[in-house]
Structures are given as C-alpha cells and as structure tokens.
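Q: predicted model, plus sequence, below.
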Amino acid sequence: MEVKALLASVEQRMTPEDLERLHEALRGVAGLPLGGEDPLRDYLLALSDFSDHMAEIDTGIRKVRASLDSGDYPQARAELDHLEELRDETKPAPLSLRRLLDWVADEYEIDTTTQLEKIDELDVLLQTYTKLINQMNAELTAQQSLVQTTLSLGTSSADVFIEETLVVYGYLKAENGTALAGKNITISWGWNLTVPATTNWQGMFEAGISFQAGFPAGSAQVEASFQPEGSDSQVYLSSKSQIAVSVKYQPTVITADISPTNTAVLGYVDVRGNLSSTDGVPLASYTVTALLDGSFLENAPTNDTGWFTFSFEVPQTLSSGTHVVTLTFAPTGRFAGSHLTLPFSVNYLETQLNIDVDRITLLSGWKLLVNGTVAYPNGTEPKYGNVTIFIDSTPYQNSTVKDGGSFVSVIELPIGLGFGSHSIAAEYNPVEPWVQKSQAATQVYVYNTPTVIIAAVGIPSATSIGVYLVRKRRKATAPLPTVPEPEAAEPSLKEEFSREKLISMAEQEGDDASIVKRSFRLAQTLIDREIGESPRQSETHWEYFSRVAQASPQIKESLRRLAELYELAEYSPYPVESAQSEEAKQILLKIREEL
C-alpha cells in the first residue's frame, strides 16, 4: 500500500505543463529507505533525471528563441548545440522508464497503468521539443546564409524640449557597405509611439518626432529597426539601432514684488508679478499658486502678457517676525515648473508695563495696592485693554487700563498664604490684535502671623478663630503706627539660617528618614527665601526640582541628589541609613552656600 500511495503522489505531478513541480517532488529520492536492488528506487531515480533534463530542455528552447529574435546568431548557435546534446541524452529515457515500471509492477504486484500513461505523455512532449529544436536549427542555418545589415542612427540634437520636433535620421547598409534603398524603417520612441520612414538611394532615412507633455524629463531612447518584408526576408537579416536623447521641459521664471515689506496684522499686502519662459516669452492664461508660510493663499491667473496680481489681509494668527509668500508655477504642458519666495515682516506694536505696590512687607490677609502704567516705546499710552493681576502665577483680579495708560487694583492676600517671598505680577492684554502683550512683576514678603498664632495658642472654636482673624484684620488695616512697616532690612540668608541652626532643625527629627525629609523641606525654605521659588501643592518633588533647576542652575546637581534621597525616605520600603541622613544634611549646607 505504501508503494502504491507513493506512485499515486508522483502521478499527480507528472504533467507536461508543470515539469518543475515534478522535478521538485522527486528531489531527495536518493535518500529513500529502499534496498540497493529495489526497482522502485531505480525507477524514481530515473524519473528524477528525466524530469530534470526535460525542464532544462524547456528553458534552453526559450533562450534559443530569444537569441534568434534579437539577431544574436552566434549565441543562438552555441545554445542550440548544447540543446541538441541534451536532447540526445534524454531520448532513451522513456523506454528505460517503461521497463523499470514493468519491474516495479512485478515486484510489488501493483497496477502501473496510470504511470505508463503519464510516461507516454512526457514522451510526446519530448518529441515536440525535438521538432522545435530541429525547426530552430533550420531557421538559424537559413539566417546565417542571409545578408547581414547595419543600421546607423542619429538625431538633430542631443537635447529636445517637450512638444518640440526632433529630427531622427540614419543609414541602412548591407555588410559590404552597399546602401539599401527603398527599405522600410520603423522609428519608435516615448510611450510606444512609432513613425515609418523609407530609405533613399543612399540608404538614408529621416523623420520628425516629438515627446508628448507629461513624458518624464531625463534620458529617453529612440530606436530605429529594419525588418525585411516579402522577398527581402529571404535575402536580408533584420537590424536595429538605438540612441539616447535628453528630454527637457521649457524652463520658466517668475518675477514679482511684494508691498509693503513691513506690515501689521489685519493690514493688506499686494503682490504683483510676471510669468514667462526663460527666453522672455510671456505665458498667458496660466495659474500661479501662492502659499503663505506653506499654507494655501491664492490662485492668481496670468493675463495676455503674463502678469498677475492679488492682495491679501495679514491674518491675526501670524506672529511678529519674518514670513514668506511662495509663488509656484506647477509644470504645465511643455513648460517646467518654477517658484519664487517673497519675504515680508509682520511687526507687532510693543508695549512696556511698569508695576508698583504700596508695600513690600505685609501679613497674609492684608490688602495690597497694585498700580502701574502701560506705554508704547515712543512714550504714548494705549487707551484700551485690561491688566490681569497674578499672585504666584495664579490669576487673581482684572483691572481696566484708563486714560494715560494707568491702572490700579486693590487685592487682598489670602489668609494662610505661605510665609516668605511671593510674586505679584501683572499682564497687559491689549484689545488690538497688532499690539503685543507685556508683563511685569515684583516681590512682596509675607509674614503668616495669624496662622502662626492660631496654631501656637490652640484657639478652641471656629467662632473664636473668626473673631481673632477679624481683630487681626482690623489691626492690619489700621494706620501704620499700629502695625508699622519693618524698618530694618530683611536679614540675609546666612544670617537667618546659620549652618548650626539648619543642622539643629534637621536633627530635631527622631530617625534618619525623617532627617532626610526635613532637610529637603529646609532646602525648599532656603530656595523660597532666596529666589522666590516656593513649592506648589500640585507638584511632585521632581516637578519642583525641574522648575527650580531652571531658575537657579547653580544648585541643580545638589538639589537633584537631595531629591533622590527624599524619594528614598518618602517612598522606598527600604530603611534609610545614618550615612544617607548625614549626606542630606551636608547637601542642605551646600545649597545654603550655593544660594
């Protein structure tokens, strides 16, 4: 049953139409686990060799045919000689296969009729191959007895513009140099275009050709071929020749100007230009596309003399600075594309904002008078717009700009605002789109006295707290003699936070992890006190680090290491060692010196 199944599998691939499948299926037959004198093994090996030769003959016939068609007769002769040898080697194979198959049938007592029929089909294919080889041999012998012809080819120019006439000429001669008159020549080029020409008494032919619009620029082949017709086919061999030409589009040029070259948003800009060929011929009824900073702006048609004009309003979205209008002519017909860039400047009207406060030291909950002025660089003042007041980057209140460019606003600092330096900033927001915003800021120092006292004395009820704050507020808004402004200058960082005091404050914590976290918070206090960068409730320690590192680069590396230690103490499940808490204290002192 195994032998029968094996032969059935081979039968499926024994078709003249697919010799390659049969050859692939029989690869590795030599490795079959069969006896040395096994007829099945010998049959499959012989069938493998036969299919291999048949596939090689099929490929060889195709090669000879191609060589004959191209006129390469020496190559065709060499290929035919090899093909005839291969055919002669293969001829005995069908008879040998039939004998081996009869042996297989006797040895394994199976019916091999189908296998024999397949071998007969392959034998018929071999006979067909034999006829084709004989026919090509006869054709080659006849061709080699014909007169060799030579065809030369030239053009009026090595370069040709699209839609421009190019003269193609050449000569047809026999191998002895005799001119062949009255012979038909076919000239082909471009997208399968052809034109006939006939040789004169000198064997010369000539024709005009042109490349159509849309044909790609660059090198292109022009071919002339002679194919003998009628009785000439019994005398002459065919010949052909090729020549390369460079296909080009007519170059174009855009000239234009833009006015004004300096403008403001919502202003109008005029563009005027001309489209022509490089030799000065105006291009009428074409389209020039305009882009503003790469975005579509306008399609401008050219008039009878190639001129075009258009205007546009400067969008409010354009920033102050240089912008470009790009004029583009896309390749059209026989003309190549071209482009031109026109720069212009958009100038916003700058403003200068000054801000002042009525005090620089106060308690949280106090009112603060913020005033200032807005002016243009030439000293004149805007009459419109709003000023937004910020406390530590948080919008707090809006104020309208009055005549003379002045503004005034009274803000109340929130009770509980953190102890230390805080930013009071203002931003001018103009009404006119061509006027720029401006900002200014100042610093105030806040003493959070009410919160400190409440925490210290432990006021027993919300009512008591409210009464206390009201009283403090009344004191805060009383005349200056009641709560005088600090007369002495604020103590310096080194005076207020000595090395001994910082170490003492850090070591008040009971364990190493707490000392590390305390050192990080003390560093935040130093940074807030010195450069006004206070920690925000919404940010992580790494977001705080990034913000402070930009504001004060000299402490970046120290603060980075302290943040790493803080992260270890705050979030890591591993214990903090005394060496790490000692490192944190030393980094704290280093930040004090760097600030």
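A: Yep, it's here. Numbers count the residues shown, from 1 in each chain.

Q: hey, let's count contacts and neighbours off CA atoms from now on
A: Will do.

Q: CA-only coordinates of stretch 74-91 in PDB, if you can.
A: Output of stretch 74-91 as PDB, limited to C-alpha atoms (Å, rounded to 0.1, in the frame of the first residue of the first chain):
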ATOM      1  CA  PRO A  74      26.500  33.200 -32.600                       C
ATOM      2  CA  GLN A  75      24.800  32.900 -29.200                       C
ATOM      3  CA  ALA A  76      21.900  31.000 -30.700                       C
ATOM      4  CA  ARG A  77      24.300  28.500 -32.300                       C
ATOM      5  CA  ALA A  78      26.100  27.800 -29.000                       C
ATOM      6  CA  GLU A  79      22.800  27.300 -27.200                       C
ATOM      7  CA  LEU A  80      21.400  25.100 -29.900                       C
ATOM      8  CA  ASP A  81      24.500  22.800 -29.900                       C
ATOM      9  CA  HIS A  82      24.100  22.300 -26.100                       C
ATOM     10  CA  LEU A  83      20.400  21.700 -26.600                       C
ATOM     11  CA  GLU A  84      20.900  19.000 -29.200                       C
ATOM     12  CA  GLU A  85      23.300  17.200 -26.900                       C
ATOM     13  CA  LEU A  86      20.900  17.300 -24.000                       C
ATOM     14  CA  ARG A  87      18.000  16.100 -26.300                       C
ATOM     15  CA  ASP A  88      20.100  13.100 -27.500                       C
ATOM     16  CA  GLU A  89      20.900  12.100 -23.900                       C
ATOM     17  CA  THR A  90      17.200  12.300 -22.900                       C
ATOM     18  CA  LYS A  91      15.800  10.300 -25.900                       C
END
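
Q: buried residues in that stretch?
A: Within stretch 74-91, the residues that count as buried by 16 or more other C-alpha atoms under 10 Å are 76-77, 79-80, 83-84, 86-87, 90.

Q: out of those, who's nearest T263?
A: A76 (77.4 Å; C-alpha to C-alpha).

Q: and the closest one, what element?
A: Element membership for A76 (DSSP states H and E) is helix 73-90.

Q: elements contacting that helix?
A: helix 39-70, helix 113-144 (3 or more C-alpha pairs under 8 Å, 6 or more residues apart in numbering; DSSP states H and E).

Q: pLDDT on that helix, on average?
A: For helix 73-90, mean pLDDT rounds to 91.

Q: on that earlier part again, same list, the helices and strands packed on helix 73-90, but as a markdown table with mean pLDDT please.
A: Compiled in a markdown table, those are given as follows (pLDDT from 0 to 100):
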| stretch | mean pLDDT |
| --- | --- |
| helix 39-70 | 89 |
| helix 113-144 | 89 |
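
Q: still on that earlier bit, helix 113-144 and the helix or strand following the helix holding A76, what's the angle between them?
A: Downstream of helix 73-90, the first helix or strand assigned by DSSP H and E is helix 93-108. In terms of direction (axes from the mean of the first three to the mean of the last three C-alpha atoms, to 10 degrees), helix 93-108 departs from helix 113-144 by 170 degrees.

Q: start the count at 15 instead of 1 going forward.
A: Fine by me, first position is 15 from now on; the one you just mentioned is helix 107-122.

Q: quick check: buried residues in the strand or helix carrying E597?
A: Element membership for E597, per DSSP H and E: helix 592-608. Within helix 592-608, the residues scored as buried using 16+ other C-alpha under 10 Å are 594-606.

Q: before we move on, what about stretch 538-546?
A: Buried residues in stretch 538-546, counted by 16+ other C-alpha under 10 Å: 538-543, 546.

Q: now do the contacts for N198.
A: 210-213, 240-241 (C-alpha atoms under 8 Å, 6 or more residues apart in numbering).

Q: switch to 7 Å and redo it
A: Neighbour list for N198: 210-213, 240 [criterion: C-alpha atoms under 7 Å, 6 or more residues apart in numbering].

Q: closest to T554 among these?
A: P210 (84.2 Å).

Q: my read: that closest one touches I199, true?
A: Yes. The criterion here is C-alpha atoms under 7 Å, and P210 meets it with I199 at 5.8 Å.

Q: higher neighbour count, those two?
A: I199 (25 against 14; other C-alpha atoms under 10 Å).

Q: which outside residues touch the host helix or strand of A19?
A: Using DSSP H and E, A19 maps to helix 16-25. Residues outside helix 16-25 that contact it (C-alpha under 7 Å, 6+ apart) are Q129.

Q: just want the angle from that helix to helix 53-84.
A: Using the same axes, to 10 degrees: helix 16-25 against helix 53-84 is 10 degrees.

Q: next, give phi and psi for S552.
A: phi -90, psi -10 (degrees, to the nearest 10).

Q: from L109, how far off is it?
A: Distance of S552 to L109, computed by C-alpha to C-alpha, to the nearest Å: 95 Å.

Q: neighbour count winner among the two?
A: Neighbours were tallied for S552 and for L109 using other C-alpha under 10 Å; the higher tally belongs to L109 (13 against 8).

Q: quick one: contacts for G418?
A: Taking C-alpha under 7 Å, 6+ apart, one finds 395, 397 in contact with G418.

Q: same thing with the one 4 residues further on?
A: Under the criterion of C-alpha under 7 Å, 6+ apart, the contact list for V422 reads 384-386, 413.

Q: just give me the closest of the residues you listed to Y459.
A: V384 (14.6 Å).

Q: out of everything not next to it in sequence, what's closest to that closest one?
A: V371 (4.7 Å; C-alpha to C-alpha, 6 or more residues apart in numbering).

Q: next one: phi and psi at the one you found?
A: phi -130, psi 160.

Q: ok, and for the helix or strand E220 falls within, which residues are buried?
A: Using DSSP H and E, the element containing E220 is strand 218-223. Neighbour counts over strand 218-223 (16+ other C-alpha under 10 Å) mark 218-221, 223 as buried.

Q: then stretch 331-345?
A: Neighbour count says stretch 331-345 has 332-334, 337, 339-343, 345 buried, by 16+ other C-alpha under 10 Å.

Q: one more: stretch 158-170?
A: Within stretch 158-170, the residues scored as buried using 16+ other C-alpha under 10 Å are 160-169.

Q: just to revisit the earlier point, list the residues that contact the residue nearest to V384.
A: 382-385.
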